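Student: Predicted model, plus sequence, below.
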Amino acid sequence: MYGVVLIGVMVVTGGAIAFIGDKLGTKIGKKRLSIFGLRPRHTSIIITIITGILITALTIGAMAFVSKDVRTALFGMEELNAAINSTRAALSKSTQELMELQLEFERADAELGTARDEISNLKNEQKELEEESQRLREGNERLEMEKLELTSQNENLSNVNSNLTAANQQLSSTNQELSSTNQELTNANSELESNNKKLSEFNVTLTVDNEKLSKDNAALEEHTKNLREGLIAIREGDIVFRAGEVLASTVIAGNRSIEEVSEDMNKLADAASRNIAESFGDDTDSSVWIYQPEFQRAVETISGSRKDIVVRISAAGNLVRGEPIRTSLSLYPNEKIYSAGDYIFSHEYEVKTENDAEIIVREFLAEINKAAVTAGILPDPITGSVGVMEGSQLYELLGEIEKATGKISLTARAREDIYSIGPLRLNIKFFKKGKK
């Protein structure tokens, strides 16, 4: 639209000047005017030339007045050329940057493809791990069934052991009574041998009875011996570690090589073997048996973890002396649960008598244990305990409660930084209600 207006202005301006010049030239020609002493025809030519000059000048002036672009083209061409050259250079630089960005995009696209392949591989590994987890759950269910069976057998053996113990005690008592009777009969036999021959027939009868009793006594002694050996055999089969009991545990640093983690795991297995050997107290082979696929998966999990891992080796079933030592592995992230001085638990109690002190402390420690387990400290699988309290601290707390009457308040805080592996070490603060 702007170009059309500009062309229209040029046409109108040129036409108007041409019309004026034609009229002026016609009048000058009719009147035969002369300028500077020139002939009229030459004067008309000069007027026509001047008119053409005016047409050109006025046209350019009108265009320059109307259009900024025309002014720029007439008076700012050098600046415009410089701007064009600068723009071309910037365009060339931008083109080069665009090409570099395109190369970066191609590299990023290639890396994205690689990442997608890795994600696909990880999904496949996840599927394999899920399948392995299912197999482990099925194996765990089988172990639980075996555990129940072993528990039932253990109870049966305990009952048999109790019955045999009672029988042994009864037989021992009977044996003592028979020994005493045998001694009395022996004495009576000696006395009868010194009696008159008239009593020889009666003496023979007593001798026969004595021999019979001696045989019965020998049979009872043999039976007692067999029962004692049976009791010894049963006692030798006593359970040393219960199913789920922790044989050894430690914290293993994650995000390391497979070799380093494997070395730490083997050290933990050796520690479990030493603990079992100390409990057995004999030369029995105490080497622990860990399912190798489970061991390898644990090593790989720890190696790929960015956190330290708590590793526990637990008894897979009740461990009896002379049986294979089967174990299982448990892995937990070793996270910081409490910082030194952190609040754990507090509660108010009412002390009525000195005998209340032990009950209050026991209830308070049970609540602390529950709170710590909820926070993430790993409890002992058998006792469920997570804390360690020094004897002096316990006696001091009991003494303060025994001296108090009325309502008191107990507050427990962490003595030091506490991690998932534990144990929970406490600072317990005692004060009466309303007093620090």
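Tutor: Great, that's in hand. Numbers count the residues shown, from 1 in each chain.
Student: Mind pulling up the pLDDT for Asn255?
Tutor: The score at Asn255 is 93. That number is its pLDDT.
Student: And for Thr174?
Tutor: 64.
Student: what's the neighbour count on Lys407?
Tutor: The local packing of Lys407 (other CB atoms under 10 Å) involves 12 other residues. No exception for glycine: its C-beta is placed from N, CA and C like everyone else's.
Student: tell me, how many neighbours does the residue nearest to it when sequence neighbours are not counted end up with?
Tutor: Counting by CB to CB, 6 or more residues apart in numbering, Lys407 lies nearest to Lys433, which is 4.2 Å off, once chain neighbours are set aside. Lys433 has 12 neighbours, counted by other CB under 10 Å.
Student: any idea how far Lys433 is from Leu365?
Tutor: Distance, Lys433 to Leu365, using CB to CB, to the nearest Å: 20 Å.
Student: what ranges do the helices span in the stretch 51-200 of the chain?
Tutor: Secondary structure of the stretch 51-200 of the chain by DSSP state H, counting those that start in this stretch: the helices cover 68-75, 77-194, 200-236.
Student: Can you tell me which of these has the worst average pLDDT?
Tutor: The lowest average pLDDT among the helices of the stretch 51-200 of the chain, as it happens, falls on helix 200-236, at a mean of 52.
Student: Specify the beta-bridge partners of the closest residue in space to Val311 that isn't next to it in sequence.
Tutor: Leaving aside its chain neighbours, Val311 sits nearest to Ile252 (5.4 Å; criterion: CB to CB, 6+ apart). Beta-bridge partners recorded for Ile252 (DSSP bridges): Ile309.
Student: tell me how far stretch 382-398 is from the chain's mean position?
Tutor: Between the centre of stretch 382-398 and the centre of its host chain there is 28 Å, according to CA atoms, centre = their mean, to the nearest Å.
Student: and the end-to-end length of that stretch?
Tutor: Taking CA to CA, to the nearest Å, the first and last residues of stretch 382-398 lie 27 Å apart.
Student: Leaving out the residues flanking it, which one is nearest to the residue nearest the centre of the chain?
Tutor: Note on the chain: the residue nearest the mean C-alpha position is Pro333, at 3.7 Å, using CA atoms, centre = their mean. Taking CB to CB, 6+ apart, and ignoring the residues beside it in sequence, Pro333 has Lys307 as its nearest neighbour in space, at 4.8 Å.
Student: Count the neighbours of that neighbour for me.
Tutor: 14.
Student: so it, which of the three states?
Tutor: Classification of Lys307 by DSSP: H, G, I helix; E, B strand; the rest coil places it in coil.
Student: quick one: contacts for Asp22?
Tutor: Contacts for Asp22 were tallied using CB atoms under 8 Å, 6 or more residues apart in numbering; they are Thr51.
Student: mind checking how far it is from Thr48?
Tutor: Using CB to CB, which is the criterion applied here, Asp22 is 9 Å from Thr48.
Student: before we move on, what about Phe345?
Tutor: 116 Å.
Student: between these two, which one's more packed in?
Tutor: Neighbour tally, Phe345 and Thr48, criterion other CB under 10 Å: the higher count belongs to Phe345, 19 against 15.
Student: Just the pLDDT for the more buried one.
Tutor: Among the per-residue scores, Phe345 holds a pLDDT of 93.
Student: Also Ile53?
Tutor: 82.
Student: Number of residues surrounding Asp109?
Tutor: Other residues within reach of Asp109, judged by other CB under 10 Å, total 10.
Student: now Val320
Tutor: Val320 is surrounded by 17 other residues when neighbours are defined as other CB under 10 Å.
Student: Got phi/psi on Tyr343?
Tutor: Geometry field for Tyr343 lists phi and psi as phi -70, psi 140, criterion degrees, to the nearest 10.
Student: er, Leu319 I mean
Tutor: Per-residue torsions, Leu319: phi -90, psi 120 (degrees, to the nearest 10).
Student: Secondary structure class of Thr353, three-state.
Tutor: coil.
Student: can I assume Pro324 sits in a strand?
Tutor: No: Pro324 is assigned coil when assessed by three-state DSSP, not a strand.
Student: Assess the claim that it and Ser287 are in contact.
Tutor: No: in this structure, Pro324 sits apart from Ser287 without contact. The criterion is CB atoms under 8 Å, and the distance is 9.5 Å.
Student: And for the strand or helix carrying Asp270, what's in contact with it?
Tutor: Element membership of Asp270, judged by DSSP states H and E, is helix 258-280. For helix 258-280, contacts defined as CB under 8 Å, 6+ apart pick out 240-241, 247-250, 252-254, 284, 286-288, 290, 295, 298-300, 302-303, 311, 313, 319, 321, 325, 327.
Student: Please apply the same query to stretch 374-381.
Tutor: Everything outside stretch 374-381 that qualifies as a contact, by CB under 8 Å, 6+ apart, is 244-246, 310, 312, 314, 332, 335, 337-338, 344, 369, 373, 385-386, 418, 420-422, 424.
Student: Pull up the distance across that stretch, start to finish.
Tutor: Stretch 374-381 has an end-to-end distance of 15 Å (criterion: CA to CA).
Student: Quick check: mean pLDDT of that stretch?
Tutor: On average, stretch 374-381 scores 91.
Student: From Asn140, how far off is Glu146?
Tutor: Using CB to CB, one gets 10 Å for the distance from Glu146 to Asn140.
Student: counting contacts, what elements does whichever strand or helix holds Asn427 pack onto?
Tutor: Assigned by DSSP H and E, Asn427 belongs to strand 424-432. Strand 424-432 makes packing contacts with helix 356-375, strand 387-388, helix 391-403, strand 406-414 when contacts are defined by 3 or more CB pairs under 8 Å, 6 or more residues apart in numbering; DSSP states H and E.
Student: which residues touch that strand?
Tutor: Defining contact as CB under 8 Å, 6+ apart, one finds that strand 424-432 is touched by 338, 341, 344, 364, 368-369, 372, 377, 386-389, 393, 397, 400-401, 404, 406-416, 418.
Student: hmm, which of these are the buried ones?
Tutor: The neighbour-count test (16 or more other CB atoms under 10 Å) applied to the contacts of strand 424-432 identifies 338, 344, 364, 368-369, 372, 377, 386-387, 389, 397, 400-401, 404, 408-410, 412-415, 418 as buried.
Student: Type out the PyMOL command that picks the buried ones from the contacts of helix 258-280.
Tutor: Those of the contacts of helix 258-280 that meet the burial criterion (16+ other CB under 10 Å) are gathered into one PyMOL selection, given here:
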select buried, resi 240+241+247+248+249+250+252+254+286+288+290+295+298+299+302+303+311+313+319+321+325+327
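Student: Give me the neighbour count for Tyr349.
Tutor: Neighbours of Tyr349 (other CB under 10 Å): 20.
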